[in-house]
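> all I have is the shape, not the residue letters:
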């Protein structure tokens with residue numbers, strides 16, 4: 001039977017391993033701490049439309065395809081654990097000043113050209129659907145097709161799915177890909193992928209996220225994902241069963257995952273501008289992760305050579321692009337090249353050298 005090594009046990013690596021095992025591969029996942037890393041530090045937004053901007057047509061197209069892949073993937077996960085993974089059904093982007101209102105309308109007009117119909121709400125419209133938001137909110141852009149998932153539920157479900165399909169998980173560090181005896185290898189090591197394949201255009205981008213727990217008698221969390229820009233900084237609030245996930249800062253800080261006072265301060269201050277009642281929530285957790293980012297904000301999915309397939313570079317859209325990655329990689333291993341995979345080929349950056357499998361390197 002064909003053997004496959006998946007290097008990296010975050011959400012992407014686990015999802016690929018699970019689907020490959022279902023396709024008939026004998027799969028081993030290598031990761032010193034499976035289910036941790038950036039996958040454990042995520043908001044879970046599935047928002048390719050709300051995050052879009054005119055000119056980013058390729059990112060929008062792939063993101064929309066990624067969103068379309070989620071319902072079937074979520075049902076497969078639910079069949080494993082019995083638990084749903086969705087925590088919100090819609091996304092609302094709010095504007096605090098006239099410039100932000102103009103931006104919302106610009107995005108709405110651009111998306112309409114691709115057949116995506118988002119509703120622009122006035123102040124009263126925003127208050128009608130999310131009454132706990134600040135009265136300083138002037139307008140909103142409502143995406144009724146953009147849900148959110150609980151990333152940690154997804155990780156638990158993926159670990160259970162891998163176990164159920166016979167995937168072996170080894171809590172080991174891979175020093176070099178050519179040390180692995182398997183027939184094929186999937187490189188899914190996230191922000192550390194370039195350590196194992198030098199020249200791969202993936203870099204770590206630090207993001208800090210807070211988890212806030214709802215307390216009795218305090219205003220309830222919004223029902224939708226709430227996104228905004230405050231003082232030029234992006235902020236989002238994603239509902240959870242027990243409160244809110246609040247994110248996220250973004251720094252070019254290498255592999256540093258220290259939570260900073262400044263990051264926590266900015267997140268809380270910006271969130272309180274949008275949702276005043278958040279000051280009474282419990283600060284339950286503060287985390288940071290290194291997102292694996294690429295120059296064009298699209299992942300790297302495709303063959304690096306005749307043996308190794310890349311499944312990395314998902315950046316801030318790791319959860320959004322998880323389902324489509326789980327579909328595409330087994331197809332790529334089978335020698336197929338789905339049309340949607342062309343936009344995310346790792347060879348779209350010709351200036352970046354793609355060295356041979358014997359290149360040295362390690363991943364932690």
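Received, thanks. Nothing here was measured: the structure is a model prediction, and the numbers come from that model.

> how many residues are close by the closest residue to residue 81 other than its chain neighbours?
Excluding the flanking residues, the one nearest residue 81 by Cβ to Cβ, 6 or more residues apart in numbering is residue 157, at 4.7 Å. All C-beta spots, glycine's among them, are computed from the backbone N, C-alpha and C. Residues within reach of residue 157, counting by other Cβ atoms under 10 Å, total 25.

> so residue 157 sits against residue 82, correct?
No: Residue 157 sits out of contact with residue 82 when judged by Cβ atoms under 8 Å, with a separation of 9.5 Å.

> one step back: and the residue nearest to residue 81, helix, strand or coil?
helix (DSSP: H, G, I helix; E, B strand; the rest coil).

> what sits against it?
77, 78, 80, 81, 83, 85 (Cβ atoms under 8 Å, 6 or more residues apart in numbering).

> show me the residues you listed that map onto helices.
77, 78, 80, 81 (DSSP state H).

> which single one of the residues you listed is nearest to residue 245?
The nearest member of these to residue 245, counting by Cβ to Cβ, is residue 77 at 18.9 Å.

> so residue 92 belongs to a strand, correct?
Yes: counting by three-state DSSP, residue 92 is located in a strand.

> that one: how many residues sit nearby?
Residue 92 - counted by other Cβ under 10 Å - has 28 other residues nearby.

> residue 148 now?
Count around residue 148 with other Cβ under 10 Å applied: 26.

> which ones are touching the residue nearest to it when sequence neighbours are not counted?
Counting by Cβ to Cβ, 6+ apart, the nearest residue to residue 148 once its immediate chain neighbours are dropped is residue 88, at 4.2 Å. By Cβ under 8 Å, 6+ apart, the residues touching residue 88 are 147, 148, 223, 224, 225, 238, 239.

> give me the element residue 221 is part of.
For residue 221, there is no enclosing helix or strand under DSSP states H and E.

> how much space separates it from residue 69?
Counting by Cβ to Cβ, to the nearest Å, the gap from residue 221 to residue 69 is 27 Å.

> of these two, who's got more company?
residue 221 (25 against 19).

> surely the more buried one and residue 240 touch.
Yes: counting by Cβ under 8 Å, residue 240 is a contact partner of residue 221 at 7.5 Å.

> partner strands of whichever strand or helix holds residue 285 and their direction?
Using DSSP H and E, residue 285 maps to strand 282-293. Note on strand 282-293: by DSSP bridges, its sheet partners are strand 203-213 (antiparallel).

> report the buried residues of the partner strand.
The neighbour-count check on strand 203-213 (16 or more other Cβ atoms under 10 Å) flags 203, 204, 205, 206, 207, 208, 209, 210, 211, 212 as buried.

> please determine how far the residue most central in space within the chain is located from residue 78.
By Cα atoms, centre = their mean, the chain has its centre lying nearest to residue 318, at 2.4 Å. According to Cβ to Cβ, residue 318 stands 20 Å off from residue 78.

> if we can go back for a sec, in the contacts of residue 157, find the pair that's most separated.
Farthest pair in the contacts of residue 157, by Cβ to Cβ: 80 and 85, 10.6 Å.

> compare these two (neighbour count), which wins?
residue 85 (24 against 18).

> so the more buried one is in contact with residue 78, correct?
Yes: using Cβ under 8 Å, residue 85 is in contact with residue 78, at 7.1 Å.

> mind jotting down where the helices sit in the protein?
11-22, 57-68, 70-81, 98-112, 123-129, 151-164, 193-196, 261-274, 322-333.

> run the chain-centre distance for the fourth one.
Looking back up the chat, that one is helix 98-112. Offset of helix 98-112 from its chain centre (Cα atoms, centre = their mean, to the nearest Å): 24 Å.
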